[in-house]
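Undergrad: For reference, the sequence and a predicted model appear below.
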Amino acid sequence: MTGFVQQHGLWSDEQRRAANELIAQVAKDELTSIRLSFPDLHGLLRGKTLLADALSGAMEEGCSITSTLLLKDTAHRTVAPIFSEGAGIDNRDLQGGADVVMVPDPCTFRRLPWSPNTGWMLCDLYFADGRPVEVSTRRIARSAMSALAVEGFEFVSGLEVEFHLTKLIDPRLSLEDSGQPGSPPSVSLLHQGYAYLTEQRFDSIEPLLDILRRDCLSLGLPLHSMELEFGPSQCEFVFRPGKGIGPADDMIVFRNAVKQISRRQGYHATFMCRPQFPNAMSSGWHLHQSLVHRDSAQNAFANPAEGRGLSSVGRQFLAGLLAGAGGATAFTTPTINGYKRYRANSLAPDRIAWGEDNRGAMLRVLARGPAAATRIENRVGEPAANPYLYLASQVITGLSGIVQKRSPPPSVDMPYEAMAEPLPTSLEAALRLLDASQLMRDGFGDAFVDYFLMVKRAEVARYNSTVTDWEQREYFDLF
C-alpha cells in the first residue's frame, strides 16, 4: 500500500497485517457493504457505508468526510460559525466545512450479525496533511493510556451498563414530527419494575435479551451477565474487564448494537439516564477499574502484605480520582438529563466520597476478596457518556494522585450524610468546574477542553431558552 495511510505511517505492524487479511476475508465472506464509523464528541457513531469493492481504496487512502460532524451538538446542530471567524478548534482546518479523513482501524473489524453481508470498522480521524485531528475522542483516550504506560501501568476496566428496553408503539414519523431534534418515539413497558432480580420477571423479557446476547457474543463483546434492574423496563449488562481503550471500543459497539438490534425487532432501547416515564428509575454506568504493572501483569491495587485493602498505589489512585472528580464530572455525566440521577439514598452518589463496598458512595472500593479482583468502582457515570472521555478522565485524575503521592481522606459509612464536597447538580455547573480545572486542561489539553465547552455550552443555552412542561404546569394557570 502506497497511499495516504502508508505515506503518513498511520498503521502499526499489527494493523497492516490485519488489513492484508481483511481484504481476502471480505471477498471470501461475500460481504456487500462496509460501514466506516468514528465516534464523535458525544460518543455517537458517524460515518459512511462503502460497497465492498471500495474497501481496498479506503484502506490505502482513507475516506473523506465533512469536518462539521465534529461541531454537532446532541440535536445534530452545527454550533460553530464555520463560514466566518471563530470556527472553534482551528479555523484554518474547519473553515467552510472542509473534509477530514477517516482511516479505518482494521483491528476493529466486525461482521454485523443483524445486517446481512455487512462489515463494520472504527476509524481514526486525520487532516489532509496527515496530522491527527486533536479533538478525536479515541485519540484523547489513547493519549491518556500512553501517559499511564510511562509510569509503568496499564489501565484495566470492566463495564456495568444500565439501560431501558421498551416496546416501540409509534416511531413518530409524521411530517410534523421532524426537526432538530424530532419527536421522540412512543413506547410501552416490557416489565413494570420493582421486582429486582426476580427470575420470573427476567424470563418475561428473556426472548429479546437472548437476541441481544447472541449478537453481542457474535461481535466478540466480553459479555458476562444480563440482569433485571430495579426500574420499569430497565435492565443491566455486565462485561468482563479489558485493558486500555478496549472497553471504550466495546461500549461504543455495544450501545450501537443494542439500539439497532432492538429497533429491527420492533423495540426501542435508550441509554438516556432518566427517561420521562412514570415511576422511572435512573440508569447508571458503573466503571470498575484497576491498574496492572506492565512488567509483571500483577494487580497494582492489591495489597498482599495485609491481605485486604488497597496498596499504596491504589490509595494514591483513589485520592486522585477524588481530587479531580469535580472537574471530570462533565465527562462522566455529559448530558443535562444525567444530573437528575444524583439523589440521596438512591444507590447513586450525590457527593464526592469513597467507601468500602458501599453502593451509596461515589467510589466503592472492593478490596476484600482475591488480590486479582481488587478494584475501585466509580458509580458516578451515566450510560450516555462518551466512553473514551469517561475512561480518559479516570486515568488522568487517578494518575495525578500517583504522581503527586496523594493520600485519600477517610472512608465513609453513611455516604449521604458525609461532610464531603457535593457533586455538581447541573451540566452548567459541571462545565464551570471543568473550565477551572488545571488538571483537566493539562490532561486533555486546552484546545480540547475549550472545544468541549463550546459544544456543550451551546447545548445548555438551547435548553435554557426552551419552555419546558414543568414551567407550563407551574406558571401558566398560576399567573
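TA: Looks like it came in fine.
Undergrad: List the contacts of A385.
TA: For A385, the contacting residues are 43, 285, 331-334, 338, by CB atoms under 8 Å, 6 or more residues apart in numbering. The C-beta positions use only the backbone N, C-alpha and C, and glycine is treated the same way.
Undergrad: one more time with 10 Å, if that's ok
TA: Applying CB atoms under 10 Å, 6 or more residues apart in numbering to A385 gives the contacts 42-43, 251, 271, 273, 285, 287, 330-335, 338, 391, 393.
Undergrad: just checking, which of the residues you listed belong to strands?
TA: Judged by DSSP state E, these include 285, 287 as members of strands.
Undergrad: Which residue comes closest to A18 once chain neighbours are left out?
TA: Closest residue to A18 apart from its sequence neighbours, by CB to CB, 6 or more residues apart in numbering: P106 at 3.9 Å.
Undergrad: What does the one you found show for phi and psi?
TA: phi -60, psi -20 (degrees, to the nearest 10).
Undergrad: and it, how many neighbours does it have?
TA: 21 (other CB atoms under 10 Å).
Undergrad: Then N279?
TA: For N279, the neighbour count with other CB under 10 Å is 10.
Undergrad: Distance of the residue found closest to it once you drop the neighbours it is linked to in the chain relative to S283?
TA: Nearest residue to N279 in three dimensions, chain neighbours excluded: P232, at 5.7 Å (CB to CB, 6+ apart). When distance is defined by CB to CB, to the nearest Å, P232 is 12 Å away from S283.
Undergrad: Spit out the contact partners of the residue nearest to the spatial centre of the chain.
TA: The residue lying closest to the centre of the chain (CA atoms, centre = their mean) is P387, at 2.3 Å. By CB under 10 Å, 6+ apart, the contact set of P387 is 39, 43, 137-138, 141, 157, 159, 161, 245, 247-252, 254-255, 285, 287, 381.
Undergrad: can we see that at 6 Å?
TA: Contacts for P387 (CB atoms under 6 Å, 6 or more residues apart in numbering) come out as 248, 251.
Undergrad: swap in G401?
TA: 316-317, 319-320.
Undergrad: Please repeat the previous calculation with a cut-off of 7 Å.
TA: By CB atoms under 7 Å, 6 or more residues apart in numbering, the residues touching G401 are 316-321, 323.
Undergrad: Next, format those residues as JSON lines and append pLDDT, neighbour count and distance to G355.
TA: JSON lines is the format used below for the contacts of G401 (pLDDT from 0 to 100; neighbours: other CB atoms under 10 Å; distance: CB to CB, whole Å):
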{"residue": "Q316", "pLDDT": "98", "neighbour count": "22", "distance to G355": "18"}
{"residue": "F317", "pLDDT": "98", "neighbour count": "29", "distance to G355": "16"}
{"residue": "L318", "pLDDT": "98", "neighbour count": "23", "distance to G355": "11"}
{"residue": "A319", "pLDDT": "98", "neighbour count": "22", "distance to G355": "15"}
{"residue": "G320", "pLDDT": "98", "neighbour count": "25", "distance to G355": "17"}
{"residue": "L321", "pLDDT": "98", "neighbour count": "29", "distance to G355": "13"}
{"residue": "A323", "pLDDT": "97", "neighbour count": "21", "distance to G355": "17"}
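Undergrad: Nearest residue to R379 in space, please, no chain neighbours.
TA: H286 (5.1 Å).
Undergrad: residues near that neighbour, how many?
TA: Using other CB under 10 Å, H286 has 20 other residues around it.
Undergrad: now the one 3 residues further on
TA: Using other CB under 10 Å, Q289 has 22 neighbouring residues.
Undergrad: So it, which state does it fall into?
TA: Under DSSP: H, G, I helix; E, B strand; the rest coil, the three-state class of Q289 is strand.
Undergrad: what's across from it in the sheet?
TA: Beta-bridge partners of Q289, counted by DSSP bridges, are S157, I376.
Undergrad: and the gap between it and H224?
TA: Taking CB to CB, one finds Q289 at 16 Å from H224.
Undergrad: For V365, which residues are in contact?
TA: Counting by CB under 7 Å, 6+ apart, V365 has contacts 310, 318, 354, 356, 376.
Undergrad: and the residues you listed, which of them are in helices?
TA: Among the contacts of V365, the members falling in helices (DSSP state H) are L318.
Undergrad: So which of the contacts of V365 wins on neighbours?
TA: Within these, most neighbours by other CB under 10 Å means W354, with 27 neighbours.
Undergrad: That residue and G320 touch, don't they?
TA: No: if you go by CB atoms under 7 Å, W354 and G320 don't touch, sitting 11.8 Å apart.
Undergrad: between the two, what contacts are shared?
TA: In contact with both W354 and G320: no residue, using CB under 7 Å, 6+ apart.
Undergrad: Show me how the protein divides into domains.
TA: If you go by automatic domain parsing, the domain ranges for the chain are 4-133, 143-452.
Undergrad: Return the member of those domains having the minimum mean pLDDT.
TA: Note on the domains of the chain: domain 4-133 shows the lowest mean pLDDT, a mean of 92.
Undergrad: need the strands for the stretch 201-350 of the chain, in chain order.
TA: 223-228, 234-239, 242-243, 267-270, 285-293 (DSSP state E, counting those that start in this stretch).
Undergrad: Give me the mean pLDDT for stretch 462-471.
TA: So the average pLDDT for stretch 462-471 ends up being 93.
Undergrad: Next, the buried residues of it.
TA: Residues R462 are the ones in stretch 462-471 that count as buried (16 or more other CB atoms under 10 Å).
Undergrad: who touches it?
TA: Stretch 462-471 is contacted from outside by I336, using CB under 7 Å, 6+ apart.
Undergrad: Stretch 416-434 now?
TA: With contacts defined as CB under 7 Å, 6+ apart, stretch 416-434 is touched by 326-327, 329-330, 333, 335-336, 339, 342, 344-345, 349-353, 360, 412, 440, 449, 453, 456-457, 460.
Undergrad: List the buried residues of that stretch.
TA: Per 16+ other CB under 10 Å, stretch 416-434 contains these buried residues: 416, 418, 420, 423-424, 427-434.
Undergrad: now it, how far from the chain's geometric center?
TA: Put simply, stretch 416-434 sits 20 Å off its chain's centre (CA atoms, centre = their mean, to the nearest Å).
Undergrad: Output that stretch as PDB, nothing but the C-alphas.
TA: The C-alpha coordinates for stretch 416-434 follow below in PDB (Å, rounded to 0.1, in the frame of the first residue of the first chain):
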ATOM      1  CA  TYR A 416     -25.400  10.600  52.000                       C
ATOM      2  CA  GLU A 417     -24.600  12.300  55.300                       C
ATOM      3  CA  ALA A 418     -20.800  12.700  54.900                       C
ATOM      4  CA  MET A 419     -19.100  16.000  55.100                       C
ATOM      5  CA  ALA A 420     -17.900  15.900  51.600                       C
ATOM      6  CA  GLU A 421     -17.900  18.100  48.500                       C
ATOM      7  CA  PRO A 422     -21.200  17.700  46.600                       C
ATOM      8  CA  LEU A 423     -21.300  16.700  43.000                       C
ATOM      9  CA  PRO A 424     -22.400  19.400  40.600                       C
ATOM     10  CA  THR A 425     -26.200  19.400  40.300                       C
ATOM     11  CA  SER A 426     -26.300  20.500  36.700                       C
ATOM     12  CA  LEU A 427     -24.300  20.300  33.500                       C
ATOM     13  CA  GLU A 428     -23.900  24.000  33.600                       C
ATOM     14  CA  ALA A 429     -22.200  23.800  37.000                       C
ATOM     15  CA  ALA A 430     -20.100  20.900  35.800                       C
ATOM     16  CA  LEU A 431     -18.800  22.800  32.800                       C
ATOM     17  CA  ARG A 432     -17.700  25.700  35.100                       C
ATOM     18  CA  LEU A 433     -15.700  23.200  37.200                       C
ATOM     19  CA  LEU A 434     -14.200  21.700  34.000                       C
END
